[in-house]
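Sequence plus predicted model, see below.
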Amino acid sequence: MSRIGRSPVAIPAGVDVKLDAENVMTVKGPKGTLTENLHPNMKVTIEGASITVERPDDEKQNRSLHGLTRTLIANMIEGVVNGYKKELEINGVGYRAQKQGNQLVMNLGYSHTVVFTEEPGITFEVPDANKIIIAGPNKQRVGQVASEIRAKRPPEPYLGKGIKYVDEHIRRKSGKAGK
């Protein structure tokens, strides 16, 4: 039995959880609403203030889906209660970011500016010219948007210029050795 899949997910106060017949789960909370199509093999039951996930048998796919389904549900509840955020840091001379309306405008050493528009449920915050905070209730979308922004100018190993996660460590190279 999966240790993660076996443990129940607690539903905090102020969160509304609904499960349709086709295993479509909708979670409403103070930070927003999330909907997820869960795998039809998994049996999800809502009992009072907890959610349990059961699997039909011990086949390899069902064992894999057991823990995954429970974690997806827990991430949805965590997202609508507290939300998720990723912090990016911009390093480089002349590299900077600013927020104009609902757009994130970045100067990254190209001949043009790089512009990202906020999606529904995703917000950008620029507390400093070289720091970007991406926040939202959906863990997957927050990570995906942060990855797309980082891909516009990934950090390079010689000078460390580019966009990196705040907790990311860049392995540096020494460059030319000379004579």
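Alright, I've got the coordinates. Numbers count the residues shown, from 1 in each chain.

So which residues of this protein form helices?
Secondary structure of the chain, counting by DSSP state H: helices at 3-6, 60-81, 139-151.

between the last one and helix 60-81, how big is the angle?
When axes from the mean of the first three to the mean of the last three Cα atoms, to 10 degrees is applied, the directions of helix 139-151 and helix 60-81 differ by 80 degrees.

Mind listing what's buried along helix 139-151?
Buried residues in helix 139-151, counted by 16 or more other Cβ atoms under 10 Å: Lys139, Arg141, Val142, Val145, Ala146, Ile149, Arg150. The way it works is simple: take the backbone N, C-alpha and C, and place the C-beta from them, glycine included.

Can I get those residues in CSV including distance to Thr71?
Converted to CSV, those look like this (distance: Cβ to Cβ, whole Å):
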residue, distance to Thr71
Lys139, 10
Arg141, 16
Val142, 16
Val145, 21
Ala146, 20
Ile149, 25
Arg150, 24
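
circling back to that earlier point, same list, the helices of the chain, but as TSV with distance to Ala13 please.
Output for the helices of the chain, formatted as TSV (distance: least, Cβ to Cβ, whole Å):
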stretch	distance to Ala13
helix 3-6	24
helix 60-81	10
helix 139-151	22
